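S.K.: What would the 3D arrangement of this be:
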Amino acid sequence: MQVKGKAIVSTLDLVKRNWGEANLEKVMAQLPEEYSNALAFKGCSALWYPFDLYIKLTEIVINQFFEGEEVDACRQLGAETAKTDDKVAVKLFYKLGTPEMIIRLGTWAFRRYFDEGEVNIRYSKPGINIFEISKLSVLHPYHYERVAGWMNMAIQLSGGKDVQTSVEIYEDDKVGKVLKFTNMWQ
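M.R.: Residues are numbered from 1 along each chain as shown. Next up is the predicted model:
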């Protein structure tokens, strides 16, 4: 499984902005050599990177700056990716769209960041939706909590208030493990 550089770069940018260049260098120094070499120029948004790098970087940032508060940290990192999305079209969708429309675009958005997984919207009405992801070769809490943070922020950016996002995993006889995200908002 691979992850688009945008998720990596937004994490590095957050570290630099909130904790400074010196702390960013400390984060980079903690990465295994093959990963720090891949990020020699602080990453490239357009490239694909190993999923393990994404997980290792998330782990380092959590331990360094969030005192091990995994869920909160991952949600903030996912939200950061949504807030810093630099595509003009996506920013217009956030501004002009509704939360329901943003979630409907979720299948497209997910594929922009990850090279595998099938996304389905199971239920969508004003104020609530259920969004599922299946066919992932790797399930890791850092990953799905970051996705939850992205969804939550995307809904906020498109006008949703008091957004609550929950994640659960269930087993489906046909596709195996499924991530189920429930989003509710005003």
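
S.K.: If you count neighbours, what's buried in whichever helix in the chain runs longest?
M.R.: As assigned by DSSP state H, the longest helix anywhere in the chain is helix 5-30. Residues 5-16, 24, 27-28, 30 are the ones in helix 5-30 that count as buried (16 or more other C-beta atoms under 10 Å). For glycine as for every other residue, the C-beta is placed from the backbone atoms N, C-alpha and C.

S.K.: dump the residue contacts of Asn129.
M.R.: 99-100, 103, 121, 123, 182-183 (C-beta atoms under 8 Å, 6 or more residues apart in numbering).

S.K.: Narrow those to those in strands?
M.R.: 121, 123, 182-183 (DSSP state E).

S.K.: Mind giving me the PyMOL select for these, buried ones only?
M.R.: Remark: buried members of the ones in strands among the contacts of Asn129, expressed as a PyMOL selection using 16+ other C-beta under 10 Å:
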select buried, resi 182+183
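
S.K.: Of the ones in strands among the contacts of Asn129, which pair is most distant in space?
M.R.: Distance extremes for these: the farthest pair is Ile121 and Thr182 at 11.7 Å, using C-beta to C-beta.

S.K.: which residues do the two both contact?
M.R.: Shared contacts of Ile121 and Thr182 (C-beta under 8 Å, 6+ apart): 129-131.

S.K.: now, which of the residues you listed sits nearest Gln64?
M.R.: Phe131 (30.5 Å).

S.K.: burial measure for that closest one, as a count.
M.R.: Look at Phe131: counted by other C-beta atoms under 10 Å, it has 25 neighbours.

S.K.: got it, and the one 3 residues further on?
M.R.: Ser134 sits with 16 neighbouring residues when counted by other C-beta under 10 Å.

S.K.: so what's it bridging to?
M.R.: Glu118, Val178 (DSSP bridges).

S.K.: Between the shared contacts of Ile121 and Thr182, which sits nearest Asn37?
M.R.: Checking the shared contacts of Ile121 and Thr182 one by one against Asn37 (C-beta to C-beta), the nearest turns out to be Phe131, at 35.6 Å.
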